[in-house]
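K.L.:
Could you look at this predicted model? Sequence included:
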Amino acid sequence: MRLLLHCCCGPCATEVVDHFRGLGCEVAGWSFNPNIHPEEERARRQRTLAEAARRMCLPLVEGDSGERGGEEMGLAQFLLALARREGRRCRACYELRLGATAREAAGRGFDAFSTTLLISPYQDTSALAKIGRQVGERHGVEFRFADLRGSYGESIERAREMGLYRQNYCGCQFSALERAERRAGRAIGKARARLARGREPEP
């Protein structure tokens, strides 16, 4: 079976590629991640994926066989999808990326497709499974689901061994902002605690 694997990044690809190869699949990687912001971050992840692919002998499919313009057009689609799906940002993102991967797989004659998002404990695997099946049926190509979250630790270790860059947020500007807000909240909490200790009377 020829399987097109949507790759969100190099580190996550390591164990996912091995999983599907272990099932006898002939795996090729494809990167379609218009959600990643800023452009420098996307370029860095692309370079990291290319290095991981080289180390794993994973062929990467280049370009876009459709007519929607690749990731530059995808960014506009991503933002538009979010505007239409208030409160369901991640699901809208899954639909955009998995839909593009299903279309790409069908257009290039692959038997199936899947995604490295399945290894992340920070993603909604139930939503990925449902959306993957839906877009697969729409484009006439099978979605291969596997709950690979138990291998997340191994993927981190593999990335360290390979010296791969590991990002600290999902990729979109919204997740980067949420991370910054969490860090700011923790810093404010620590500052308040120090101030409170400073006000305590001496024993």
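P.N.:
Sure thing, it's come through.
K.L.:
wouldn't residue 60 be in contact with residue 52 here?
P.N.:
No: using Cβ atoms under 8 Å, residue 60 makes no contact with residue 52, being 9.9 Å away. C-betas here are computed from N, CA, C, even on glycine.
K.L.:
Compare those two (neighbour count), which wins?
P.N.:
The residue with more neighbours, out of residue 60 and residue 52, is residue 52; 25 against 17, by other Cβ atoms under 10 Å.
K.L.:
hang on, the more buried one packs against residue 164?
P.N.:
Yes: contact criterion Cβ under 8 Å: residue 52 and residue 164 qualify, at 5.8 Å.
K.L.:
quick one, strands of the chain?
P.N.:
2-6, 26-30, 112-115, 142-143 (DSSP state E).
K.L.:
ranking those by burial, who's on top?
P.N.:
strand 112-115 (a mean of 25; mean count of other Cβ atoms under 10 Å).
K.L.:
strand partners of it, parallel vs antiparallel please.
P.N.:
strand 2-6 (parallel), strand 142-143 (parallel) (DSSP bridges).
K.L.:
List the neighbours of it that are in contact with it.
P.N.:
Applying Cβ atoms under 8 Å, 6 or more residues apart in numbering, the external contacts of strand 112-115 come out as 1-8, 16, 20, 25, 97-98, 101-102, 104-105, 128, 132, 136, 141-146.
K.L.:
Select only the buried ones of the residues you listed in ChimeraX?
P.N.:
In ChimeraX, this line selects whichever of those come out buried by 16 or more other Cβ atoms under 10 Å:
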select :3,4,5,6,7,8,16,20,25,97,98,101,102,104,105,128,132,136,141,142,143,144,145
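K.L.:
Which of the contacts of strand 112-115 fall in helices?
P.N.:
Among the contacts of strand 112-115, DSSP state H puts 16, 20, 97-98, 101-102, 104-105, 128, 132, 136 in helices.
K.L.:
ok, and for stretch 147-158, which residues are buried?
P.N.:
Buried-residue list, stretch 147-158, by 16+ other Cβ under 10 Å: 148, 151-152, 155-156, 158.
K.L.:
Hmm, residue 127 is touching residue 94, no?
P.N.:
Yes: Residue 127 lies in contact with residue 94 (Cβ under 8 Å); the separation is 6.0 Å.
K.L.:
Looking at the two, which one has more neighbours?
P.N.:
Remark: of residue 127 and residue 94, residue 94 carries more neighbours, 23 against 15, as counted by other Cβ under 10 Å.
K.L.:
Not counting residues beside it along the chain, what's closest to the more buried one?
P.N.:
residue 131 (4.9 Å; Cβ to Cβ, 6 or more residues apart in numbering).
K.L.:
Quick check: residue 123 touching residue 90?
P.N.:
Yes: taking contacts as Cβ under 8 Å, residue 123 lies within contact range of residue 90: 7.5 Å.
K.L.:
so what sits against both of those two?
P.N.:
With Cβ under 8 Å, 6+ apart, residue 123 and residue 90 have no common neighbours.
K.L.:
Residue 37: neighbouring residues, count only.
P.N.:
Neighbours of residue 37 (other Cβ under 10 Å): 18.
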